[in-house]
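Enquirer: The following block contains a protein sequence and its predicted model.
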Amino acid sequence: NAGVTQTPKFQVLKTGQSMTLQCAQDMNHNSMYWYRQDPGMGLRLIYYSASEGTTDKGEVPNGYNVSRLNKREFSLRLESAAPSQTSVYFCATKGTGTNTGELFFGEGSRLTVL
Amino acid sequence: RKEVEQDPGPFNVPEGATVAFNCTYSNSASQSFFWYRQDCRKEPKLLMSVYSSGNEDGRFTAQLNRASQYISLLIRDSKLSDSATYLCVVNPVYNFNKFYFGSGTKLNVKP
């Protein structure tokens, strides 16, 4: 039972390159999220998906696109990476039932854009 | 103005000490409140939810003050293993899918 799995864990890109961060969950949760974490800034919501087939912008969506491929998978794409997108990216799901409101995070993806 | 604000610390305390953190939130319509713990270079994990009546889990006590719009976390008898960053999280009533994170308060417990 892996919970929330993110790939890759580390990536170095050059400015202008594109890449996709993958997230998969085996918790059968409906809501999934992508956050970025920068020093002194806390976690900021990029995009979220309340259910399969829906996505919504968060606080900092510019420069990113997402796909909710199915209930399990939610990917984040950087079309043309910029140094300002150097960050740690976390995927999360929101619990249901007795865990309602709790967010379950993946281990994070550390991205450096040169 | 940030949705959630926390003192970044660090709070440096000896083992066995009692330490308290506060967190203020700007939206009075906020509905749910949480404390998360984040170890260095790890993902955040839920420490405890914060209920209107306050709640306690072992050495940890969380309180909510809606009138002043802040929540608090009290840690008694600090352990070395409590060293981490503590994140305050708020969930607004107008969108139960959005969670706003404070930037975190760093705690260092020294021997």
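Expert: Received the coordinates, thanks.

Enquirer: Now do the same contact list for residue A:24.
Expert: A:4, A:5, A:72, A:73 (C-beta atoms under 8 Å, 6 or more residues apart in numbering or on different chains). Backbone N, C-alpha and C define where each C-beta goes, glycine included.

Enquirer: Swap in 10 Å and give it another go.
Expert: Contact analysis of residue A:24 by C-beta atoms under 10 Å, 6 or more residues apart in numbering or on different chains lists A:2-7, A:32, A:69-70, A:72-75, A:91, A:106.

Enquirer: what do you get for residue A:88?
Expert: Counting by C-beta under 10 Å, 6+ apart, residue A:88 has contacts A:35, A:36, A:37, A:38, A:39, A:43, A:108, A:109, A:110, A:111, B:41, B:43.

Enquirer: Throw the residues you listed into TSV and include secondary structure, thanks.
Expert: Formatted as TSV, those follow (DSSP: H, G, I helix; E, B strand; the rest coil):
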residue	secondary structure
A:35	strand
A:36	strand
A:37	strand
A:38	strand
A:39	coil
A:43	strand
A:108	coil
A:109	strand
A:110	strand
A:111	strand
B:41	coil
B:43	coil
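
Enquirer: Tell me the buried residues within those.
Expert: A:35, A:36, A:37, A:43, A:108, A:109, A:110, A:111, B:43 (16 or more other C-beta atoms under 10 Å in any protein chain shown).

Enquirer: For the fourth one, name its beta-bridge partners.
Expert: Spelled out, it's residue A:43. Residue A:43 forms beta bridges with residue A:37, as assigned by DSSP bridges.

Enquirer: can you tell me the distance between the two ends of stretch A:93-104?
Expert: Start and end residues of stretch A:93-104 are separated by 5 Å (C-alpha to C-alpha, to the nearest Å).

Enquirer: residues from chain B in reach of chain A?
Expert: B:2-6, B:8, B:31-34, B:36, B:38, B:41-46, B:49, B:85, B:87-89, B:91, B:95-104 (C-beta under 10 Å from any C-beta of the partner chain).
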